[in-house]
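Student: for reference, the sequence and a predicted model appear below.
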Amino acid sequence: MASNINRVVLTGNLTRDPELRTTSSGTSVCSLRLACNTRQRRDGEWVDKPNYFDVTVWGNQGENVARYLEKGRAVAVDGRLEWREWQDQQGNKRQAVDVIADSVQFLGGAPDGGHNGGHNGSLAQSDVPADTRGLPDPAAAVAGAGDDDDFPF
C-alpha cells in the first residue's frame with residue numbers, strides 16, 4: 001500500500017507580529033500569518049498575487065519565533081497541512097486549512113539592523129522571472145501544441 005505525503009514548503013513575509021500563547025498544559029504555541037506572492041500574467045503583464053497562510057509553530061521553536069520575528073520579516077516554513085472544522089458562535093459550520101510548522105527558518109538579516117519595525121528589503125521573491133523577454137507566450141504555446149520545432153528542448 002502506498003503511503004500518503006502531506007508536506008508543504010513556503011517562503012514569504014509575515015503579515016503581522018507573531019502571537020504567542022500557552023496551552024493549559026504549559027505548551028507554547030505561536031500563530032503566524034504568512035504572505036507568499038505568486039506571479040500571474042494578466043493583460044500581457046506579470047503581476048503579483050498574494051496568497052495568505054495561517055501557520056502554527058509549537059514548543060521552543062514557537063517561543064523563538066515570537067521572540068525574534070516581527071511583521072514584514074522573510075521566513076521559510078517547512079511543515080504539513082492540517083484541515084479543521086468548528087462551529088462559530090452563530091452555529092455556522094466553519095472550515096480552514098492551516099500549516100503546522102516543523103521548522104521555521106529566518107531569512108535575511110534582522111529588520112533595520114536588529115531594531116523593531118520595518119524590513120530590510122529581504123522580501124521573499126517569486127520563482128517566476130519578471131523579465132520574460134525571449135520566453136514563449138504561454139497562450140501561443142498552447143495554441144501551437146504539436147509543433148515540436150517551437151520548443152527549445
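Tutor: That came through, no problem.
Student: now residue 83. Nearest residue, chain neighbours left out?
Tutor: What sits nearest to residue 83 in space, not counting adjacent residues and going by Cβ to Cβ, 6 or more residues apart in numbering, is residue 97, at 5.2 Å. C-betas here are computed from N, CA, C, even on glycine.
Student: surely that neighbour is in a helix?
Tutor: No - counting by DSSP: H, G, I helix; E, B strand; the rest coil, residue 97 is located in no helix; its state is strand.
Student: shouldn't it be in contact with residue 82?
Tutor: Yes - using Cβ atoms under 8 Å, residue 97 is in contact with residue 82, at 7.1 Å.
Student: can you classify residue 16 by secondary structure?
Tutor: On the three-state scheme (three-state DSSP), residue 16 is labelled coil.
Student: can you get me a residue count around it?
Tutor: Neighbour count of residue 16, defined by other Cβ atoms under 10 Å: 13.
Student: distance check, it against residue 106.
Tutor: For residue 16, the distance to residue 106 equals 16 Å [Cβ to Cβ, to the nearest Å].
Student: please consider this matter closed, and thank you.
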